[in-house]
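Engineer: give me the fold of what follows.
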Amino acid sequence: MRKAIAILLLIIVALGIRLSLRKIPFGTPKTEVGRYYIDEGIEETGAVNIVTAVVVNYRGFDTLGEVTVLFIAAIGLGAVLTTSVKGETRKTQPASLVLYTGCRLLFPLIFVFGTYVFIHGHLTPGGGFQGGAIIASGFLLIYLGCRERKISRVGSNLADSLGGLVFVIIGLFGLVLGSYFLLNFLPKGTANTLVSAGIIPIIYVAIGFKVGSELTSIIGSLIEEG
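Structural biologist: Residues are numbered from 1 along each chain as shown. I've put the predicted structure just below:
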């Protein structure tokens with residue numbers, strides 16, 4: 001019985017591979033949806049990065065769900081790991097000179113680079129998730145190299161809340177001014193310029209700060225409890 005099931009599964013996989021390898025010219029979209037995004041995406045959204053147009057505009061409601069899942073994960077991890085007695089102090093060994101120097105010199109550069117990535121997400125590869133992860137890596141360097149410093153929980157929660165609030169408010173404006181959530185109601189400007197793509201850059205800034213603060217909160221919970 002197991003052999004029969006295994007053979008059946010192999011046949012299904014082989015058929016799937018065979019269908020996916022049909023002779024289609026390189027670069028030609030395999031679906032009507034993909035073709036529509038490529039042909040109409042720049043004109044409709046103003047974003048030359050079509051991936052950005054899809055993630056933030058065409059399926060922006062799904063992206064809101066993704067950052068919400070990350071937010072819930074950060075809250076859950078913080079609740080699970082917060083077991084220390086209030087007022088308890090922990091002794092930490094000072095970091096090596098290399099880490100300490102790297103923390104002081106590299107953190108500003110990492111922060112600026114992460115900000116650049118999500119501000120230019122509608123023009124170049126990158127965006128809110130990538131830029132937020134880069135910023136969180138800078139705060140990880142703070143924990144490793146500048147161990148006497150602690151990330152402000154109030155500031156992290158404030159950035160997280162403001163990012164989510166901006167995302168939702170812009171989406172509701174689209175619903176009020178148009179016909180659907182996250183309608184791109186702002187002027188799209190000229191493609192390939194920084195001030196273009198309507199609401200997309202604003203949403204990516206909000207996502208960048210939200211993802212960065214959530215990942216920083218997760219890193220802080222893991223390291224402080226460790």
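Engineer: just the helices in this structure please.
Structural biologist: If DSSP state H is used as the criterion, the helices of the chain fall at 2-20, 32-45, 50-52, 60-81, 97-119, 128-145, 153-177, 200-225.
Engineer: where in this structure is pLDDT low?
Structural biologist: Using pLDDT under 70 as the threshold, the predicted model of the chain has low-confidence ranges 19-30, 82-92, 224-226.
Engineer: contacts only, for the spatially most central residue of the chain.
Structural biologist: Note on the chain: the residue nearest the mean C-alpha position is residue 129, at 1.6 Å, using C-alpha atoms, centre = their mean. Residues in contact with residue 129 (C-beta atoms under 8 Å, 6 or more residues apart in numbering) are 207, 211. C-betas here are computed from N, CA, C, even on glycine.
Engineer: against residue 70, how distant is it?
Structural biologist: Using C-beta to C-beta, to the nearest Å, one obtains 9 Å as the distance from residue 129 to residue 70.
Engineer: need the residues touching each of these two.
Structural biologist: Joint contacts of residue 129 and residue 70 (C-beta under 8 Å, 6+ apart) are residue 211.
Engineer: ranking the helices of the chain by burial, who's on top?
Structural biologist: By mean neighbour count, with neighbours taken as mean count of other C-beta atoms under 10 Å, helix 200-225 ranks first of the helices of the chain at a mean of 23.
Engineer: can you name every helix or strand that it contacts?
Structural biologist: Taking 3 or more C-beta pairs under 8 Å, 6 or more residues apart in numbering; DSSP states H and E as contact, the helices and strands that helix 200-225 lies on are helix 60-81, helix 97-119, helix 128-145, helix 153-177.
Engineer: now the angle from that helix to helix 32-45?
Structural biologist: Angle of helix 200-225 versus helix 32-45, following axes from the mean of the first three to the mean of the last three C-alpha atoms, to 10 degrees, is 110 degrees.
Engineer: before we move on, the earlier item: now the helices of the chain in a markdown table, with distance to residue 186?
Structural biologist: Rendered in a markdown table, the data for the helices of the chain read as follows (distance: least, C-beta to C-beta, whole Å):
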| stretch | distance to residue 186 |
| --- | --- |
| helix 2-20 | 39 |
| helix 32-45 | 11 |
| helix 50-52 | 15 |
| helix 60-81 | 14 |
| helix 97-119 | 16 |
| helix 128-145 | 17 |
| helix 153-177 | 9 |
| helix 200-225 | 8 |
